[in-house]
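Chemist: Build the 3D model from these lines:
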Amino acid sequence: MGTSNEKAVLPSSAPRATHTSKQNWFSRNRKSLTVLLGLFILLQHFVISPYLLDLWGDASSATKGPRKSSCEQAEPIYPKSFNVSSLIEGKKDQLVSWLSGAVQIPTETFDDMGEIGVDKRWDVFYRFADYLENAYPLVHQHLKRTRVATHALVFEWEGSNPSLKPLMLTGHQDVVPVLPATKGLWTHDPFGGEYDGEVIWGRGTSDDKSGVIGALSAIELLLESGKFTPARTVILALGNDEETGGKVGAYHLNEWIEGKYGKDSIAMLVDEGNGLEEVWGQLFATPAVGEKGYMDLELRVETLGGHSSVPPPHTGIGYISMLIAALERHPHKPILNVESPLVNMVACGADSAPHFPSHLRKAVHRLEDSLTSKSGKVDMKALKEVEEWWVEGSYKDGTFPKGLGSAMVGTTQAVDIINGGLKVNALPESVVAIVNHRISLASSVAELQQQLIDVVSPVAHILNLDVEAFGKDVQYQGCHMDQETKGPKAGKVFLNVAFNSSLDPAPVSPFTIDSPAWKLLSGTVKSVYATRPEALSSKEEAEKEIIMAPSISTGNTDTKRYWNLTRNIYRFGYMEAKNDLHNNIHTVDEFLPADSLVELVRWFANFIVNVDESREI
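Modeler: Next comes the predicted model:
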């Protein structure tokens, strides 16, 4: 009994044999099981999970209802008082003639322009002002024209209601020079203003005499009609050196306008800038609501001179070459903030464009959903995907030319000028390079300067060079201080702002329809597009829609001088770019289709009346 009961409690020998058998089977098949488990994990991670997440996302969206878009579109706004577009009918030849005549006056500005009255190259602007006076008699009869700093022009169309803030339209009379060596490359005389029946050719046709002539022509035709008397004052400010930084024209125009009207006195301001572009199978109007900052760096290396027959290991040119190489090895990291207009721009594409990249659409929607969630916590992974698309994906998928997407979100640097050495048998004592920077909206001049110090200082330390950056001596604090070079310094590196050129990124203007200014801009674009000639003659064209999407400018316009006048600054021209070079601005064979000029003038006229009728701004 006792033995039997004991056996019943203790493990028997049979189960032991079975357990050993199982262990042997697992041992024999461990490798295969590991491989199968790994495959299952990969399958689950890359196939099953995304599929289930997509199903969940679709179900979730269906449950929540329509997604709240961050790219809500305004309704078209039409002038209430009369059909403004009818004023432009039959005026094509006149408009072409006005722009052609303006192009024939070579208002070139150069980086080395001297003072007005001393440098004779300014005198061509007297001719241009005379031309405008003859071309637009009603403008000069009914508007007050004031010369500011001699060649900048202010036109004031006084409104009947002084309590309304003025509308300000700006443009620039000057054009970039035509290099003598390139004149033979032009198909048409660069200052001939030739019209071939479809296109007007010449320097300034697109940048920016089209803007100047467009605004003046719209005002002239409104005056000619006798149907419009403004309640709101309209100011037209025409600079004369935008292509060299607006240091004379826009600078003094701002002082004059602020002196008369005060700070924050303008309802909204429209200057030259981005236009209409088809992307992802959809036409967009992309006003620049901000523009990048700017700084030219002067990088200078000073060393002892001497005879080149007994050279040191590196001359100043050698030193500066290594410093430049270091700068180019450490480009500025692109950063896309969730507040950036560029996030809203791709959101507009995700909502409306038929050929928008599907992977990017998912990232944009995840990002938008996170912003409207109860937690309001930003989906940083989705934001990073959007950033990476701007930096690399936008080029790889053919959306933008190489470098453009990256330049939109990052701080760029370009070594453009280098000077050093005077004689082949003399060591150069001073070598200078100028490095141009366009500063990201997410950065600043101060942050850029610190980045430059951080890159240059350790290299200079290794080369036994002292560093003075932006007026202060820099003591290198790196991890190799114990390797301090003995003996006298080989020379000194200087980092300074060149040409007094530093400028932080522009304040970002409102770009949602909650803003009366953006709503007016958008509504006028919508109405002008809806009444374009093609839409009136084709049902298919009439059903097409233009989408408003905010963008930024990688360069700077005269608006950098006007930040104190209004928060509502939009850099926009109602013109569609016909190639990647935007109608060849700043290069050979600049042009503008005549039909584009007509539509630009029509837009200006409608916009002036729409803003005048609004009481929301």
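
Chemist: All the strands of the stretch 51-200 of the chain, residue numbers only.
Modeler: Per DSSP state E, counting those that start in this stretch, the stretch 51-200 of the chain carries strands over the ranges 144-148, 152-157, 167-172, 199-201.

Chemist: got the angle for the third one vs strand 152-157?
Modeler: Computed by axes from the mean of the first three to the mean of the last three Cα atoms, to 10 degrees, the angle separating strand 167-172 from strand 152-157 equals 150 degrees.

Chemist: Looking at the strands of the stretch 51-200 of the chain, spot the one closest to R602.
Modeler: Between R602 and those, the shortest gap by Cβ to Cβ is with strand 167-172, which sits at 14.9 Å. To be clear about C-beta, it is placed using only N, CA and C from the backbone, and glycine gets the same treatment.

Chemist: Sheet-wise, list the partners of that closest one with their directions.
Modeler: Strand 167-172 sits in its sheet next to strand 234-239 (parallel), strand 268-279 (parallel), going by DSSP bridges.

Chemist: Let's have those in CSV, adding distance to S444, mean neighbour count and mean pLDDT.
Modeler: Formatted as CSV, the strands paired with strand 167-172 follow (distance: least, Cβ to Cβ, whole Å; neighbours: other Cβ atoms under 10 Å; pLDDT from 0 to 100):
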stretch, distance to S444, mean neighbour count, mean pLDDT
strand 234-239, 26, 26, 98
strand 268-279, 22, 22, 96
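
Chemist: of all the strands of the stretch 51-200 of the chain, which lies closest to E368?
Modeler: The nearest among these, by Cβ to Cβ, is strand 167-172 at 33.1 Å.

Chemist: Next, the buried residues of that closest one.
Modeler: Within strand 167-172, the residues that count as buried by 16 or more other Cβ atoms under 10 Å are 167-172.

Chemist: repeat for stretch 181-195
Modeler: Neighbour-count burial for stretch 181-195 [16+ other Cβ under 10 Å]: 186, 188, 190-191, 193-195.

Chemist: Determine which two of those residues are furthest apart.
Modeler: Using Cβ to Cβ, the pair of the buried residues of stretch 181-195 lying farthest apart is W186 and Y195, separated by 15.2 Å.

Chemist: Just the CA trace of stretch 113-120, in PDB.
Modeler: The C-alpha trace of stretch 113-120 is given here as PDB (Å, rounded to 0.1, in the frame of the first residue of the first chain):
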ATOM      1  CA  MET A 113      26.100 102.200 -57.400                       C
ATOM      2  CA  GLY A 114      27.400 105.500 -56.100                       C
ATOM      3  CA  GLU A 115      25.300 108.400 -54.700                       C
ATOM      4  CA  ILE A 116      22.400 109.800 -56.600                       C
ATOM      5  CA  GLY A 117      23.500 112.900 -58.400                       C
ATOM      6  CA  VAL A 118      27.100 111.700 -58.500                       C
ATOM      7  CA  ASP A 119      26.800 108.300 -60.200                       C
ATOM      8  CA  LYS A 120      25.300 109.000 -63.600                       C
END
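
Chemist: Show residues contacting that stretch.
Modeler: Stretch 113-120 is touched from outside by 121-122, 149-151, 241, 244, 248, with contacts defined as Cβ atoms under 8 Å, 6 or more residues apart in numbering.

Chemist: Looking at these, which is nearest A517?
Modeler: D241 (27.6 Å).

Chemist: and that closest one, what is it in contact with?
Modeler: Counting by Cβ under 8 Å, 6+ apart, D241 touches 109, 113, 172, 174, 247-250.

Chemist: Also E392?
Modeler: Residues in contact with E392 (Cβ under 8 Å, 6+ apart) are 405-406.

Chemist: Just the pLDDT for N579.
Modeler: On the pLDDT scale, N579 is placed at 70.

Chemist: neighbours around it, how many?
Modeler: Using other Cβ atoms under 10 Å, N579 is surrounded by 8 other residues.

Chemist: Most neighbours out of the contacts of stretch 113-120, which is it?
Modeler: Ranking the contacts of stretch 113-120 using other Cβ under 10 Å puts D241 first, with 26 neighbours.

Chemist: and stretch 443-454, which residues are buried?
Modeler: For stretch 443-454, burial by neighbour count (16+ other Cβ under 10 Å) applies to 443-445, 447-449, 451-453.

Chemist: how about the residues you listed in CSV, adding distance to E272 and secondary structure?
Modeler: Output for these, formatted as CSV (distance: Cβ to Cβ, whole Å; DSSP: H, G, I helix; E, B strand; the rest coil):
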residue, distance to E272, secondary structure
S443, 25, coil
S444, 25, coil
V445, 24, helix
E447, 28, helix
L448, 26, helix
Q449, 30, helix
Q451, 31, helix
L452, 31, helix
I453, 35, helix
